[in-house]
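**Student:** Got a predicted model here, sequence first, then my questions.
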Amino acid sequence: MNYTNLQNSFLIDQINNTLNEKQKEAVLVESGPVLVIAGAGSGKTRVLTYRVAYLTGILGIPPHRIFVATFTNKAAQEMKERINSLMGTQVRDLWIGTFHSLCVRILRKEIWRIGYSQNFSIFDRDDQKKLIKDIVGKGERPDRFIHYISRVKTYGEGIEDRFLNSVFEEYTKKMKLLNALDFDDLLVLTLKIFESFPDVKNHYAERFLHILVDEYQDTNRLQYEIIRHLSSKHRNIFVVGDDDQSIYAFRGADLRNILDFEQDFPDARIIRLEQNYRSTKNILKAASTVIAHNRLRKGKTLWTQNPEGKKIVIFECDTEREEAETVAKIIEKSGREYRDFLILYRTNAQSRAFEERFHLEGIPYQIVGGMKFYERQEIKDILAYLRILVNPKDEIALLRIFNVPPRGIGVKTVETVKNYAEMKKVSLLDALKQMESLDLHKSRKEKLQNFFSL
Ligand SMILES: Nc1ncnc2c1ncn2[C@@H]1O[C@H](COP(=O)(O)OP(=O)(O)O)[C@@H](O)[C@H]1O
Ligand SMILES: [Mg+2]
């Protein structure tokens, strides 16, 4: 037996011994559209991961012809590691990542077709806010504009509001000038390229023999259109999702995707996974009772071999303080390690009562997913320098670093440069180049000169 066969035999062994029958059925589908629909903790991600290993390791599909969309970058990383360990080797050239990162890959190659250059910057919400403040002035809160812009892009739903729409137009114009894309653009423009250039679409549709999507219930309309294009040639589209678990409806995720899959792919195989591996019977029973009220669900019954487990306890408290106190008491009385506890809350502001109480009692804690403000700022400052180097038109990045680290360049000086650039209709960088014509005191110019010569 040669080396490859040895690796395969490990993979075959794993497929046979660590999957249940339904999971195995899903992993081993040869081709065609497949919808795996299942509850939380039933092994959907495991199935997807094994399937990628099966496709490359046993069917011999080259990794660069497989496209896997995950919901987060972290999930992609974990999946990659798991695939490598199933394969017993580093799998290279697999297209795996979030929709956004996969679109970036396509856009870096293709975006020249629609008049951007390939060194485009990607604006996060913070950058968007700055740009919008530039457009509407300091008095307005930028959030509602960002929200509106995103809705129009994702759903094509505008409203008749002259102010909103003029901001939208100005924003779009500015973004193009800065050679910058926001997160929605990554999807919108990929789709636009596919739709305007059929040969480009065909190229990718030809290339990707298999398209796999995790957390399919949370894909939005644009993402769905993208995978429909990508799978138009080979029709090997494999999606796993949970119609009861869509937590991102407010972000444009569209439950209809999952419910309409059968309609769009009438020959799709539907596989339901109903055994849960993560929770006790009591927890499962409670969850099932709650989601039984969901409208628009396809209906599935979860069961588990796990033990009954402890009963779920509900406490009602009148105030935040009382709530935090109660939780602290439960933790202290339990006799368990602090790291055995997890507290979930709906909004970040709700952490405060808990934090105060825990400080008081000396209970150590760690906030997950909250923004570590200073850390983030520094990282973003460094990124801003890199962005300027790659895309000199990126003025939002430039404005960010004028005085970081502090070099005595004040708001007034920056305003002068900005006004000059606007008046002369040149970029900020060009305005700096024409420093001699700026209406500034000599010492200020020197400081700018120092910055510019960086
Ligand atoms: N057939 C199985 N046997 C044992 N454990 C399993 C099996 N399938 C899944 N698991 C475990 O159950 C947990 C949930 O699996 P995961 O793939 O993350 O589920 P989902 O994506 O559906 O939420 C993981 O810890 C996984 O390793
Ligand atoms: Mg999962």
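**Tutor:** All right, it came through fine. Residues are numbered from 1 along each chain as shown. Ligands and ions are numbered 1, 2, ... in the order given.
**Student:** Next, residue 38: phi, psi?
**Tutor:** phi -170, psi 160 (degrees, to the nearest 10).
**Student:** The closest residue to it other than its chain neighbours: neighbour count?
**Tutor:** Using CB to CB, 6 or more residues apart in numbering and skipping residues adjacent in sequence, the residue nearest residue 38 is residue 273, 3.5 Å away. From N, CA and C alone the C-beta is placed, and that goes for glycine too. As a burial measure, residue 273 scores 25 neighbours (other CB atoms under 10 Å).
**Student:** which regions of the stretch 151-300 of the chain sit below the pLDDT cut-off?
**Tutor:** Flagging of the stretch 151-300 of the chain using pLDDT under 70 yields the residue ranges 243-255, 293-300.
**Student:** Return the nearest residue of it with respect to ligand 2.
**Tutor:** At 6.0 Å from ligand 2, residue 214 is the closest residue in the stretch 151-300 of the chain, using CB to the ion.
**Student:** Spit out the contact partners of that residue.
**Tutor:** Neighbour list for residue 214: 44-45, 48, 68-71, 75, 79, 240 [criterion: CB atoms under 8 Å, 6 or more residues apart in numbering].
**Student:** cool, and residue 331?
**Tutor:** Counted by CB under 8 Å, 6+ apart, residue 331 has contacts 338, 341, 363.
**Student:** Find the nearest non-adjacent residue to the residue in the stretch 251-400 of the chain positioned nearest to ligand 1, please.
**Tutor:** Nearest residue of the stretch 251-400 of the chain to ligand 1 (CB to the nearest ligand atom) works out as residue 277 at 3.2 Å. Of all residues not flanking residue 277 in the chain, residue 41 sits nearest, at 5.6 Å (CB to CB, 6+ apart).
**Student:** can you check residue 116 too?
**Tutor:** Nearest non-adjacent residue to residue 116, counting by CB to CB, 6+ apart: residue 179, 5.9 Å away.
**Student:** which bits of the stretch 351-454 of the chain sit near ligand 2?
**Tutor:** Within the stretch 351-454 of the chain, no position lies close to ligand 2 (CB under 5 Å from the ion).
**Student:** what residue ranges in the stretch 351-454 of the chain are flagged as low confidence?
**Tutor:** For the stretch 351-454 of the chain, the ranges with pLDDT under 70 are 369-376.
**Student:** quick one on the thing from earlier: of the contacts of residue 331, select the buried ones using a PyMOL command.
**Tutor:** Selection command for PyMOL covering only the buried members of those, criterion 16 or more other CB atoms under 10 Å:
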select buried, resi 363
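**Student:** so residue 211 sits in a helix?
**Tutor:** No: judged by DSSP: H, G, I helix; E, B strand; the rest coil, residue 211 forms no part of a helix; its state is strand.
**Student:** Would you mind listing the residues in contact with residue 278?
**Tutor:** 40-41.
**Student:** Then residue 440?
**Tutor:** Residues near residue 440 by CB under 8 Å, 6+ apart: 413, 416, 448.
**Student:** Looking at those residues, which is nearest residue 347?
**Tutor:** residue 413 (39.1 Å; CB to CB).
**Student:** Surely residue 187 is in contact with residue 102?
**Tutor:** No: counting by CB atoms under 8 Å, residue 187 sits too far from residue 102 to count as a contact (10.0 Å).
**Student:** and ligand 1, which of the contacts of residue 331 reach it?
**Tutor:** Taking CB under 6 Å from any ligand atom as the test, ligand 1 is in contact with none of the contacts of residue 331.
**Student:** of the contacts of residue 331, closest to residue 431?
**Tutor:** Distances from residue 431 to the contacts of residue 331, taken as CB to CB, are shortest for residue 363 (53.9 Å).
**Student:** Which secondary structure element is home to the closest one?
**Tutor:** Assigned by DSSP states H and E, residue 363 belongs to no helix or strand.
**Student:** Numbering from 53 from now on, please.
**Tutor:** Happy to do that; since the first residue is 53 now, the last one works out to residue 415.
**Student:** quick one: it and residue 380 touch, right?
**Tutor:** Yes: using CB under 8 Å, residue 415 is in contact with residue 380, at 6.2 Å.
**Student:** hey, what's in contact with both of the two?
**Tutor:** residue 409.
**Student:** Please determine how far residue 491 is located from residue 464.
**Tutor:** 11 Å (CB to CB, to the nearest Å).
**Student:** So which of the contacts of residue 492 wins on neighbours?
**Tutor:** Neighbour count (other CB under 10 Å) singles out residue 500 as the most crowded of the contacts of residue 492, with 23 neighbours.
**Student:** Surely that residue touches residue 487?
**Tutor:** Yes: Residue 500 is within contact range of residue 487, at 6.1 Å (criterion: CB under 8 Å).
**Student:** Now for residue 79: which residues touch it?
**Tutor:** For residue 79, the contact set (CB under 8 Å, 6+ apart) comprises 67, 71, 99, 102-103, 106.
**Student:** can I get those in TSV with secondary structure, neighbour count and pLDDT?
**Tutor:** Compiled in TSV, those are given as follows (DSSP: H, G, I helix; E, B strand; the rest coil; neighbours: other CB atoms under 10 Å; pLDDT from 0 to 100):
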residue	secondary structure	neighbour count	pLDDT
67	helix	20	95
71	coil	18	96
99	helix	26	97
102	helix	25	97
103	helix	26	98
106	helix	21	96
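**Student:** wait, residue 501 sits on residue 487?
**Tutor:** Yes: at 6.4 Å, residue 501 and residue 487 qualify as touching, with contact defined as CB under 8 Å.
**Student:** Same drill for the two, tell me which one is more crowded.
**Tutor:** residue 487 (16 against 11).
**Student:** Now residue 271. Its backbone dihedrals?
**Tutor:** Taking degrees, to the nearest 10 as the convention, residue 271 sits at phi -80, psi 140.
**Student:** what's the answer for residue 211, then?
**Tutor:** phi -130, psi 160.
**Student:** Near it, how many other residues are there?
**Tutor:** Residues near residue 211, counting by other CB under 10 Å, number 9.
**Student:** Ok, residue 382 next?
**Tutor:** Residues near residue 382, counting by other CB under 10 Å: 13.
**Student:** how close does it get to residue 206?
**Tutor:** Counting by CB to CB, the gap between residue 382 and residue 206 amounts to 42 Å.
**Student:** and what of residue 385?
**Tutor:** Taken as CB to CB, the span from residue 385 to residue 206 is 48 Å.
**Student:** Looking at these two, which is more packed in?
**Tutor:** Set side by side, residue 385 and residue 206 show more neighbours around residue 206, with 18 against 8, by other CB under 10 Å.
**Student:** For the helix or strand containing the more buried one, enumerate the helices and strands it packs against.
**Tutor:** If you go by DSSP H and E, residue 206 is part of helix 195-207. In terms of contacts (3 or more CB pairs under 8 Å, 6 or more residues apart in numbering; DSSP states H and E), helix 195-207 is packed against helix 177-188, helix 214-229, helix 235-248, helix 273-282.
**Student:** Redo these as CSV? Include distance to residue 406 and mean neighbour count.
**Tutor:** CSV is the format used below for the helices and strands packed on helix 195-207 (distance: least, CB to CB, whole Å; neighbours: other CB atoms under 10 Å):
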stretch, distance to residue 406, mean neighbour count
helix 177-188, 26, 18
helix 214-229, 38, 15
helix 235-248, 31, 20
helix 273-282, 35, 21
